[in-house]
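>>> Dropping the sequence and predicted coords here.
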Amino acid sequence: GAGVSQSPRYKVAKRGQDVALRCDPISGHVSLFWYQQALGQGPEFLTYFQNEAQLDKSGLPSDRFFAERPEGSVSTLKIQRTQQEDSAVYLCASSLSYQGSGELFFGEGSRLTVL
Amino acid sequence: DAKTTQPNSMESNEEEPVHLPCNHSTISGTDYIHWYRQLPSQGPEYVIHGLTSNVNNRMASLAIAEDRKSSTLILHRATLRDAAVYYCILIADWIIFGKGTRLHILP
C-alpha cells in the first residue's frame, strides 16, 4: 500500500509479557516518529528517527520501552514486561522531510491492551 | 507542554463554514503551522500547513495572523464527515500535540 502500515492492529497481552509493534513507513521517508495515545488524549511523543539514527528518545516512559530502525525503513517498538498503564494506541508517523516542513503521514495505530 | 492553545470543543451546523482558532504566541520565525485531524479509531490525518501566507487546499484554508501568533483553520462547508478532533501544532514543536478541538457537526 501507499500509506504507513502498522501491525498488529490489536494486541492483548498479559501483564509481564513482552510485545513488539511494527511500523512500515512510506518508502523513501526519512523521518519516523512513534507516539502513544491514551483514550481521550492527544498523541504523546515517544521517539524520533532520522533514517536509522534515533535522534530523540526523550518521550519513552521507561527503560522497558525500546525502539529501533536498523535499516532506516521498518521500525519496531518493543515494550518489555508490559504493565496495565501501557494500554494505549501506539501511532507511527513518517515524513519525507527531515527539516520538518513536510506533512506527517500516520498509520492507523496498534491498540495495546494489557490485562 | 504544548505550545499551542485551542478550545476544547466547538459546534457547527452542517453546510456552514467553521473557523477553528489556534493561539501560538511563542512561535519562532522558522516554525511552520500544521493542522491535523483525527477521526475515531483512526490515526491523525494531515489537513494543511503554512508558514506566513494564507494557504488553501481542497480540504480547507489556513489563515495566519500577520504577527503569526495565531491562526485559524477554515472549513468552508462543514459536513458530518468533518466531525473530528482537530490539532494545531508547530513544526518545531511537532513532536508535541495538544488536546485539540473536538468539532461537533449538527445536522
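Nice, thanks for sending it over.
>>> contacts and neighbour counts: CA atoms only from here.
Fine.
>>> Spell out which residues of chain B are next to chain A.
With C-alpha under 8 Å from any C-alpha of the partner chain as the criterion, chain B comes near chain A at residues B:32, B:34, B:41-46, B:49, B:91-92, B:94-100.
>>> Repeat the analysis, applying 10 Å as the threshold.
For chain B, the residues in contact with chain A (C-alpha under 10 Å from any C-alpha of the partner chain) are B:30-36, B:38, B:41-51, B:85-87, B:90-100.
>>> Just the buried ones among these, please.
Buried members of the residues of chain B next to chain A, counted by 16 or more other C-alpha atoms under 10 Å in any protein chain shown: B:31-36, B:38, B:43-51, B:85-87, B:90-100.
>>> OK, contacts around B:I91?
Residues in contact with B:I91, defined by C-alpha atoms under 10 Å, 6 or more residues apart in numbering or on different chains, are A:99-103, B:27-28, B:30-34, B:49-51.
>>> let me redo that: A:S97
A:28-32, A:50, A:103-104 are the contacts of A:S97 under C-alpha under 10 Å, 6+ apart.
>>> Pull the most distant pair out of the residues you listed.
Greatest spatial distance among the contacts of A:S97 (C-alpha to C-alpha): A:Q50 and A:E103, at 14.9 Å.
>>> Point out the residues in chain A that sit beside chain B.
A:33-35, A:37, A:40-48, A:56, A:59, A:89-93, A:99-111.
>>> Let me see the contact set for the most centrally placed residue in chain A.
For chain A, the residue sitting closest to the mean C-alpha position, by C-alpha atoms, centre = their mean, is A:W34 at 3.3 Å. Applying C-alpha under 10 Å, 6+ apart to A:W34 gives the contacts A:23, A:43-49, A:57, A:59-60, A:67, A:75-77, A:90-94, A:106, A:109, B:95.
>>> And B:G50, by the same measure?
Counting by C-alpha under 10 Å, 6+ apart, B:G50 has contacts A:101, B:31-35, B:56, B:61-64, B:71, B:90-91.
>>> wait, which of the residues you listed is closest to B:P7?
B:S71 (12.8 Å).
>>> what's the neighbour count on the closest one?
Neighbourhood size, B:S71 [other C-alpha atoms under 10 Å in any protein chain shown]: 24.
>>> and if you look at B:N8?
Neighbours of B:N8 (other C-alpha under 10 Å): 12.
>>> With B:T101 instead?
With other C-alpha under 10 Å as criterion, B:T101 counts 21.
>>> Find me the pLDDT at A:V19, would you?
On pLDDT, A:V19 comes in at 98.
>>> Check the gap between it and chain B for me.
Note on A:V19: its distance to chain B, by C-alpha to the nearest C-alpha, to the nearest Å, is 20 Å.
>>> Could you double-check that that residue lies in contact with A:S87?
No. Here A:V19 does not reach A:S87: they are 11.5 Å apart, not a contact under C-alpha atoms under 10 Å.
>>> hey, what's in contact with both of those two?
A:11-13, A:112.
>>> Now rank the residues you listed by neighbours and give me the top one.
Busiest of these [other C-alpha under 10 Å] is A:L112, holding 21 neighbours.
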